[in-house]
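Peer 1: Sequence and predicted structure, then a few things I'm wondering about:
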Amino acid sequence: MRVLFVCLGNICRSPSAEGVFRAHLAQAGLTDRVEVDSCGVGDWHVGKGPDPRALDAARRRGIDISALRARQLAPTDYQHFDYILAMDHDNLEAIRQGCPSSCRAHIGLFLEFAGERDRAVPDPYYGGEQGFEDVLDLIEAASDGLIEELRQRLSRQ
């Protein structure tokens, strides 16, 4: 299984989701069965590390995302990943616009796995530190739901 988290610039929400989800995979004993990555729909931050506030918030939860570097969504991602999960509706629309008809990936909002079918992970970029904590809370909840779905899918393979 391969999971891709997508936000606008790949410096706040999606690298946070990648780091948190990796930690949850390790706790679930699924690290060797699920590949995880993140990217942005835009190219503004390609090659840069996560926002310092995202780094600090993740670090306070015992998660190190400092090695991650921003990249932009690529055409090959549609064929490589089983799940392409957007942080908000604008990201979701951008993903869908670039999606080829041959794509078999599940494309949707990440928070659907937290039972929040139409809710977005808000962009904390222009806010304060609490916004980054709130984002991590949402990501933690959705990660648990996604782990459960992956566990079920993997058990059928």
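Peer 2: That came in fine, so what should we check first?
Peer 1: Would you map the helices across the protein?
Peer 2: 13-28, 52-60, 77-80, 89-97, 129-155 (DSSP state H).
Peer 1: packing partners for the third one?
Peer 2: Packing partners of helix 77-80 (3 or more Cβ pairs under 8 Å, 6 or more residues apart in numbering; DSSP states H and E): strand 2-7. C-betas here are computed from N, CA, C, even on glycine.
Peer 1: roughly how far is the strand it packs on from the heart of the chain?
Peer 2: Chain-centre distance of strand 2-7: 4 Å, with Cα atoms, centre = their mean, to the nearest Å.
Peer 1: Please apply the same query to stretch 88-97.
Peer 2: Counting by Cα atoms, centre = their mean, stretch 88-97 comes out at 13 Å from the chain centroid.
Peer 1: can you list contacts of stretch 50-66?
Peer 2: With Cβ atoms under 8 Å, 6 or more residues apart in numbering as the test, stretch 50-66 has contacts from 11-13, 15-16, 18-20, 22-23, 49, 68, 70, 124-125, 129, 132-133, 135-136.
Peer 1: ok, 6 Å please
Peer 2: Outside stretch 50-66, the residues that touch it by Cβ atoms under 6 Å, 6 or more residues apart in numbering are 11, 12, 15, 16, 19, 23, 68, 129, 132, 133, 136.
Peer 1: Please apply the same query to stretch 5-24.
Peer 2: 36, 38-40, 42, 44-45, 50-51, 54, 58, 63, 65, 68, 70, 85-87, 91, 95, 121, 124-125, 135, 139-140, 143, 147.
Peer 1: just the buried members of those?
Peer 2: 36, 38-40, 42, 45, 50-51, 54, 58, 63, 65, 68, 70, 85-87, 91, 95, 121, 124-125, 135, 139-140, 143, 147 (16 or more other Cβ atoms under 10 Å).
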